[in-house]
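Colleague: this one's structure only:
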């Protein structure tokens, strides 16, 4: 008995001592990346790059000529896995189309889209088990980078059409109107968590009406329940996505208070160490294929073409009428200046971020899409 | 058993000699040693595992950003508790568990007694309840959401429904297995219905009922955590899954540890209550017997 107790104590002490003496991996293994040669890209001249500081709502998104930038196949074929939270949302369509039309193959890339929720995909992206993630700099990403993960936002996805009313809707009480709705202390139903990038436009819309993320009560709801809860009084307001907002649009009992800012993408492509440092060529090739897909298929109002809408509906496994019920997204591969700062402010207001705010340079890398369109800094 | 056994061959036949072992020679000392050994094992094994986890995190055998070290979890839990951030979630979960547990236990016991005593009621209700029993209770959450709205109702109802079935089944089975002689004895002494319940059915069935209630205590915590993930704005389940979605793994582990502690404490309280209520029942130590 005594021997057992002594053994247990000794083992515990040995483990503690060795734990105390263990050196922490600093995680500074990544070597400095070499400067890369940037050449002009035919088809991507004026208009293929916009000043990141331009936050005008009516800014025309960057575009190259159709079918450009031209493919530059890698010397060796490379398999890449991109994690995405869904395959049926419209903002994933450029990736789906790029796979279907062989745009990635033209670059020597065999791309697989894998459905994974962001919290599950993040550690895999950081470890290199997943090469890229089609998501957004959500609070989880900021917290992950803050804890030492090497992840960066390298390309944008879209901003909404000015006609879109996807966003914050409120059920009006007597005497209230869209311009006069006190939002403090109201109950807000959303399927999107407080750590989503939507926290930023949501905070903006609430602040315009005397509210704020720290002044409203959140009610997490499933996608099917958000509208029902708004209609039956379970919640006072709700963040309605495409095309759900159509159900209350034009109904005088509800008012639209605001949505995602025009001209400012809030999500897109995240790269981990595989494509940020280990194989930058593959990273640039992936973005080149993505940018070419936008220029070729999503350059402007892509829903004008019924055949293309039908093809999109098939790829996204959704009903064509659902796609037609909302305006085209403005696909945009660029990242605006200060977006991550504004996002972090919103996360702070929502109480979902840890540590000090990270500078944009820790979270954003515009060099890869810049190289793909031949933009010299 | 430490009994020494030796075969001694005599001329006539083999004789089995059973000599007294330490348990017989020094029963108090042996019992004390055994208890000490059990207690040491109960403490040492978890402690060693925690130390191993700490070592693995420190040596980078595991990624401590994904699996934070126990000291990180402890420090974060302490900070949260000191700042008062943890208690609202603990209290929210505890309230739901206690309310649902009370409702589920009371209704399960009442119906179990009724169905165990009256065969016609059993015939009428048992198939229906058997069918409901096998439905995963979490699948009932959308129905409870429709019935009770977005407040505490669905959570409490879910715990109550889960607990109900454990208590109902154990009560009904306990009442049905009471030897007929007990009832006959009650009838011979002219016991009224209340006296039959108070002096025969209750004492005979209570030990088995409390075993069911104890199992239900653990399952109640399990169910509420899953439910809070889906339809609650606070509680330990919400804390765990919310922090997971925000990649705050240290907070997630704090929530998991709190749930484990809550489950163990609640289950032990029910066990202690059971021992107090049924001093005649065989002792259920719940751990290694000695």
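Modeller: Alright, I've got the coordinates. These figures come from a predicted structure and were not determined experimentally.
Colleague: for the residue of the stretch 251-377 of chain A found nearest chain B, what are its contacts?
Modeller: As assessed by Cβ to the nearest Cβ, chain B sits closest to residue A:352 within the stretch 251-377 of chain A, at 5.2 Å. For every residue, glycine as well, the C-beta is placed using N, CA and C. Residues in contact with residue A:352 (Cβ atoms under 8 Å, 6 or more residues apart in numbering or on different chains) are A:139, A:193-195, A:199, B:246.
Colleague: Need the max-distance pair from those.
Modeller: A:199 and B:246 (11.0 Å; Cβ to Cβ).
Colleague: For stretch B:89-102, buried residues please.
Modeller: B:89-90, B:92-94, B:96-97, B:99-101 (16 or more other Cβ atoms under 10 Å in any protein chain shown).
Colleague: any idea how far residue A:346 lies from residue A:352?
Modeller: For residue A:346, the distance to residue A:352 (Cβ to Cβ, to the nearest Å) stands at 9 Å.
Colleague: What of residue B:36?
Modeller: Look at residue B:36 and residue A:352: by Cβ to Cβ, they are 48 Å apart.
Colleague: Look at residue A:330 and report its pLDDT.
Modeller: Confidence at residue A:330, expressed as pLDDT, is 94.
Colleague: for residue A:152, same thing?
Modeller: With respect to pLDDT, residue A:152 scores 96.
Colleague: Remind me which helix or strand residue B:30 belongs to.
Modeller: helix B:27-58 (DSSP states H and E).
Colleague: Is that helix positioned near chain A?
Modeller: Yes. Judged by Cβ under 8 Å from any Cβ of the partner chain, helix B:27-58 and chain A are in contact via B:33, B:36-37, B:40, B:44, B:47-48, B:51-52, B:54-55, B:58.
Colleague: Narrow these to those that are buried.
Modeller: Using 16+ other Cβ under 10 Å as the threshold, B:44, B:51, B:54-55, B:58 are the buried ones among those.
Colleague: of all those, which comes closest to residue A:145?
Modeller: Distances from residue A:145 to those, taken by Cβ to Cβ, are shortest for residue B:58, at 22.6 Å.
Colleague: The closest one and residue A:149, how far apart?
Modeller: Where residue A:149 is concerned, residue B:58 sits at a distance of 19 Å (Cβ to Cβ).
Colleague: what's the answer for residue A:238, then?
Modeller: Distance of residue A:238 to residue A:149, given as Cβ to Cβ: 33 Å.
Colleague: The residue in the stretch 51-200 of chain A that chain B sits nearest to: neighbour count?
Modeller: Closest to chain B within the stretch 51-200 of chain A is residue A:140: 3.8 Å, counting by Cβ to the nearest Cβ. Using other Cβ atoms under 10 Å in any protein chain shown, residue A:140 has 27 neighbouring residues.
Colleague: try residue B:190
Modeller: Residue B:190 has 7 nearby residues by other Cβ under 10 Å.
Colleague: ditto for residue B:258
Modeller: For residue B:258, the count of nearby residues is 21 (other Cβ under 10 Å).
Colleague: for the closest residue to residue A:316 other than its chain neighbours, what are its contacts?
Modeller: Computed as Cβ to Cβ, 6 or more residues apart in numbering or on different chains, the closest residue to residue A:316 that is not its neighbour in sequence is residue A:88, at 5.0 Å. When the contact criterion is Cβ under 8 Å, 6+ apart, the partners of residue A:88 are A:316-318.
Colleague: could I get the residues you listed as TSV with pLDDT?
Modeller: Shown next, in TSV, are the contacts of residue A:88 (pLDDT from 0 to 100):
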residue	pLDDT
A:316	90
A:317	89
A:318	87
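Colleague: quick one: which of the contacts of residue A:352 is nearest to residue A:73?
Modeller: Distances from residue A:73 to these, taken by Cβ to Cβ, are shortest for residue A:139, at 38.0 Å.
Colleague: what about that closest one, neighbour count?
Modeller: So residue A:139, with other Cβ under 10 Å, has 29 neighbours.
Colleague: How about residue A:138?
Modeller: By other Cβ under 10 Å, 29 other residues sit near residue A:138.
Colleague: again, but for residue A:50
Modeller: For residue A:50, the tally of surrounding residues (other Cβ under 10 Å) stands at 17.
Colleague: Next, the contact list for it, please.
Modeller: Applying Cβ under 8 Å, 6+ apart, the residues near residue A:50 are A:59-62, A:334.
Colleague: 10 Å - rerun?
Modeller: Contacts here follow Cβ atoms under 10 Å, 6 or more residues apart in numbering or on different chains; on that basis residue A:50 touches A:56, A:59-63, A:263, A:332, A:334, A:336.
Colleague: and what of residue A:282?
Modeller: Residue A:282 neighbours (Cβ under 10 Å, 6+ apart): A:74, A:76, A:78-80, A:107-109, A:131-132, A:271, A:274-275.
Colleague: got the residues of the stretch 101-250 of chain A near chain B?
Modeller: Within the stretch 101-250 of chain A, the positions adjacent to chain B are A:117-120, A:122-123, A:126-127, A:138-149, A:187, A:189, A:193-196, A:217-222, A:224-225, A:228-229, A:232-235 by Cβ under 10 Å from any Cβ of the partner chain.
Colleague: Show me the residues you listed that map onto helices.
Modeller: A:118-120, A:122-123, A:126-127, A:139-146, A:224-225, A:228-229, A:232 (DSSP state H).
Colleague: Mark which of those are buried, thanks.
Modeller: A:118-119, A:122-123, A:126, A:139-146, A:225, A:229.
Colleague: Which members of those residues define the maximum pairwise distance?
Modeller: Spatially, the most separated pair among these is A:126 and A:229, at 36.1 Å (Cβ to Cβ).
Colleague: How about the residues of the stretch 251-377 of chain A by chain B?
Modeller: Residues of the stretch 251-377 of chain A lying near chain B (Cβ under 10 Å from any Cβ): A:347, A:350-354.
Colleague: So, low pLDDT: which residues of the stretch 1-150 of chain A?
Modeller: A:1-34 (pLDDT under 70).
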